[in-house]
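Novice: Kindly generate the corresponding structure for this input.
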Amino acid sequence: MAFALQTQRLSPGAGLRPGELGAGRGGRERCEPEPCAFGRRAGGRLCAAVGQALASGGGGGSRGREAPIKGRCGPPVAVRAMAWGCAVCLALAAGGLLALLVQLVRWLRADGDLTLLWAEWRGKKPENELRGKVVWVTGASSGIGEELTYQLSKIGSLLAISARREDELERVKKKCLQISNLSEKDILVLRLDLTDRSSHEAATNSVLKHFGKIDVLVNNGGRSQRSLFVETNLEVFSAIMELNYLGTISLTKHVLNHMIQRKKGKIVTVSSVMGIMGAPLASGYCASKHALQGFFNSLRTELTDYPEISIINICPGPVQSKIIQNVFTENLAKSLENSGDQSHKMPTDRCARLTLVSMANDLKEAWISDHPYLAVCYLWQYAPTWAWWLMNRMGKRRIQNFKSGVDADASYSRKKK
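Specialist: Prediction:
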């Protein structure tokens with residue numbers, strides 16, 4: 001970029017350095033460089049000030065402490081000083097622009113919020129933070145819960161795994177023993193129905209009796225939904241809230257009492273990006289996840305006297321799992337006829353890994369998703385009007401996909417290799 005440096009006629013103070021007193025006006029005129037056009041736009045006399053500091057060696061000495069008096073200087077020293085000032089200003093501006101571009105590229109390629117990805121790169125490692133910890137995972141028989149169990153076993157965590165299907169839990173345990181150094185006693189299989197709240201205290205006591213403590217509770221159990229509100233029976237909404245919300249906070253209550261006694265622990269809840277936004281075909285599911293978000297954000301504020309008890313909300317977007325095969329539909333007796341192709345969604349192992357990173361670094365909330373849902377999360381946070389506009393358009397396509405028999409999110413998700 002070319003710079004137009006202003007030149008002036010020599011004043012009586014010609015030949016003096018910037019800041020020196022000239023003979024004009026009774027010897028009280030101070031010679032200062034005139035700012036360039038960039039300097040005027042960037043804050044008045046920014047370039048001139050930087051240039052003067054460079055020329056005078058930082059403004060030291062008695063002359064640098066005198067109050068400046070407006071004037072002009074034209075010697076080569078002043079011109080070079082002003083050029084240096086302009087160069088420094090432009091370098092700073094270019095550096096700031098480059099940093100913004102780097103962040104933009106990172107965001108476009110991201111599959112999680114930037115705080116989470118920074119923690120993955122520079123933060124604490126799950127292998128160091130979770131080894132030897134007692135972790136209780138609900139919904140461990142399939143999907144995200146199953147994959148979390150496998151990765152935790154490789155790390156060396158002691159596991160309590162729960163779900164309704166005990167035979168599936170035994171299958172998961174068998175694989176954990178094959179891929180890790182854990183022994184039989186390091187993995188407790190515990191059948192649990194989240195909707196049977198009267199059993200939660202006994203289940204908690206069983207884990208404590210086996211391991212003596214619970215370091216981490218992972219609330220992963222729950223079901224999604226695929227139906228339009230106007231076509232859905234109210235019993236479905238009651239069942240969703242009973243399982244996803246009331247069952248989760250019931251189990252949390254019993255485990256939290258133990259953590260308060262120990263004054264430490266982590267409660268990790270697998271919520272959803274649907275707990276941040278709203279989307280068609282999942283009004284009841286969104287309601288349950290919004291309820292979880294509100295509950296655990298409130299609970300966190302009640303635990304300020306226990307700084308070592310962490311409340312961590314995980315918000316995944318579309319993930320390759322069997323959750324879509326077990327969704328609620330318009331009535332409790334009906335199952336989803338066609339779940340569609342799931343290959344375009346985030347791999348389950350990637351979602352589980354980022355969940356472990358969130359746990360290790362005690363992130364209060366983590367968004368784990370590809371675009372466009374990740375972008376919508378940011379819009380919902382910082383520009384909700386735009387988020388509504390985008391979701392209205394995505395929502396129409398989502399309904400069209402569902403009615404045509406393909407996965408609701410198929411048309412705007414990135415294809416996974």
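
Novice: what bits of the stretch 251-400 of the chain have low per-residue confidence?
Specialist: 339 (pLDDT under 70).

Novice: What helices and strands are in contact with the helix or strand where Arg393 lies?
Specialist: For Arg393, the element it lies in under DSSP states H and E is helix 384-403. Secondary-structure packing of helix 384-403 (3 or more C-beta pairs under 8 Å, 6 or more residues apart in numbering; DSSP states H and E): helix 373-382. Placement of C-beta: from N, CA and C, glycine included.

Novice: relative orientation of the helix holding Arg393 and helix 373-382 in degrees?
Specialist: Relative orientation of helix 384-403 and helix 373-382, computed by axes from the mean of the first three to the mean of the last three C-alpha atoms, to 10 degrees: 150 degrees.

Novice: buried sites along helix 384-403?
Specialist: Ala387, Leu390, Met391, Met394, Arg398, Asn401, Phe402 (16 or more other C-beta atoms under 10 Å).

Novice: quick one: contacts for the closest residue in space to Ala119 that isn't next to it in sequence?
Specialist: Excluding its sequence neighbours, the residue lying closest to Ala119 (C-beta to C-beta, 6 or more residues apart in numbering) is Asn361, at 4.3 Å. For Asn361, the contacting residues are Ala119, Gly123, Lys124, by C-beta atoms under 8 Å, 6 or more residues apart in numbering.

Novice: In this model Met359 seems to touch the second one, though I could be wrong.
Specialist: What that stands for is Gly123. No - at 11.1 Å, Gly123 does not count as touching Met359 under the criterion of C-beta atoms under 8 Å.

Novice: check which helix or strand covers Cys315.
Specialist: strand 309-316.

Novice: circling back to that earlier point, out of the contacts of Asn361, who's the most crowded?
Specialist: Of all the contacts of Asn361, Ala119 has the most neighbours under the rule other C-beta atoms under 10 Å, reaching 21 neighbours.

Novice: residue nearest the centroid of the protein?
Specialist: The residue lying closest to the centre of the chain (C-alpha atoms, centre = their mean) is Asp113, at 3.2 Å.

Novice: mind checking how far that one is from Arg197?
Specialist: Separation of Asp113 from Arg197 (C-beta to C-beta, to the nearest Å) stands at 33 Å.

Novice: For the closest residue to Asp193 other than its chain neighbours, give me its contacts.
Specialist: Among residues not flanking Asp193 along the chain, Arg164 sits closest, at 5.3 Å (C-beta to C-beta, 6+ apart). Each residue near Arg164 by C-beta under 8 Å, 6+ apart is listed here: Ser141, Arg191, Leu192, Asp193.

Novice: Return a selection command, for use in ChimeraX, containing the buried ones of those.
Specialist: Buried residues within those, by 16+ other C-beta under 10 Å, are selected in ChimeraX with:
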select :141,192
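
Novice: Same list (the contacts of Arg164) but as JSON lines, adding secondary structure.
Specialist: Listed next are the contacts of Arg164 as JSON lines, based on DSSP: H, G, I helix; E, B strand; the rest coil:
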{"residue": "Ser141", "secondary structure": "coil"}
{"residue": "Arg191", "secondary structure": "strand"}
{"residue": "Leu192", "secondary structure": "coil"}
{"residue": "Asp193", "secondary structure": "coil"}
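
Novice: If we only consider the contacts of Arg164, which is nearest to Val406?
Specialist: Ranked by distance to Val406 (C-beta to C-beta), the contacts of Arg164 are led by Ser141 at 26.6 Å.

Novice: what's the closest one sitting at in phi/psi?
Specialist: phi -90, psi -10 (degrees, to the nearest 10).

Novice: wait, what's in contact with it?
Specialist: Ser141 neighbours (C-beta under 8 Å, 6+ apart): Ile161, Ala163, Arg164, Arg165, Glu168, Leu169, Arg171, Val172.

Novice: Cross the residues you listed against strands and list the overlap.
Specialist: Of the contacts of Ser141, the ones assigned to strands by DSSP state E are Ile161, Ala163.

Novice: any idea which of the contacts of Ser141 has the most stuff around it?
Specialist: Ile161 (30 neighbours).

Novice: What separation is there between that one and Asp215?
Specialist: 15 Å.

Novice: Now do the strands in the chain.
Specialist: Using DSSP E, strands in the chain cover 21-22, 29-30, 134-138, 158-163, 187-191, 216-219, 265-270, 309-316, 365-368.

Novice: In terms of secondary structure, what does the fourth one contact?
Specialist: If I follow you right, that is strand 158-163. Strand 158-163 packs on strand 134-138, helix 143-155, helix 166-179, strand 187-191, helix 200-211, going by 3+ C-beta pairs under 8 Å, 6+ apart.

Novice: Quick one: mean pLDDT for the longest one?
Specialist: The one in question is helix 166-179. Mean pLDDT, computed over helix 166-179, is 98.

Novice: count of neighbours near Arg106?
Specialist: 12.

Novice: right, I mislabeled it, should have said Phe229
Specialist: 14.

Novice: give me every residue that touches Arg350.
Specialist: By C-beta under 8 Å, 6+ apart, Arg350 lies in contact with Asp111.

Novice: Could you do the one 10 residues further on as well?
Specialist: Neighbouring residues of Ala360 by C-beta under 8 Å, 6+ apart: Ala119, Gly123, Lys124, Lys125, Pro126, Asn128, Glu129, Leu130.

Novice: the helices in the stretch 201-350 of the chain, which residues?
Specialist: Secondary structure of the stretch 201-350 of the chain, counting by DSSP state H, counting those that start in this stretch: helices at 234-240, 247-262, 283-302, 348-360.

Novice: now these as JSON lines including distance to Leu374?
Specialist: JSON lines is the format used below for the helices of the stretch 201-350 of the chain (distance: least, C-beta to C-beta, whole Å):
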{"stretch": "helix 234-240", "distance to Leu374": "25"}
{"stretch": "helix 247-262", "distance to Leu374": "24"}
{"stretch": "helix 283-302", "distance to Leu374": "16"}
{"stretch": "helix 348-360", "distance to Leu374": "12"}
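
Novice: Identify the single longest helix in the protein, thanks.
Specialist: Ranked by number of residues, the top helix in the chain under DSSP state H is helix 76-108.

Novice: Tell me which of the helices and strands packed on strand 158-163 lies nearest to Arg223.
Specialist: Closest to Arg223 of the helices and strands packed on strand 158-163 is helix 143-155 (C-beta to C-beta; 10.7 Å).
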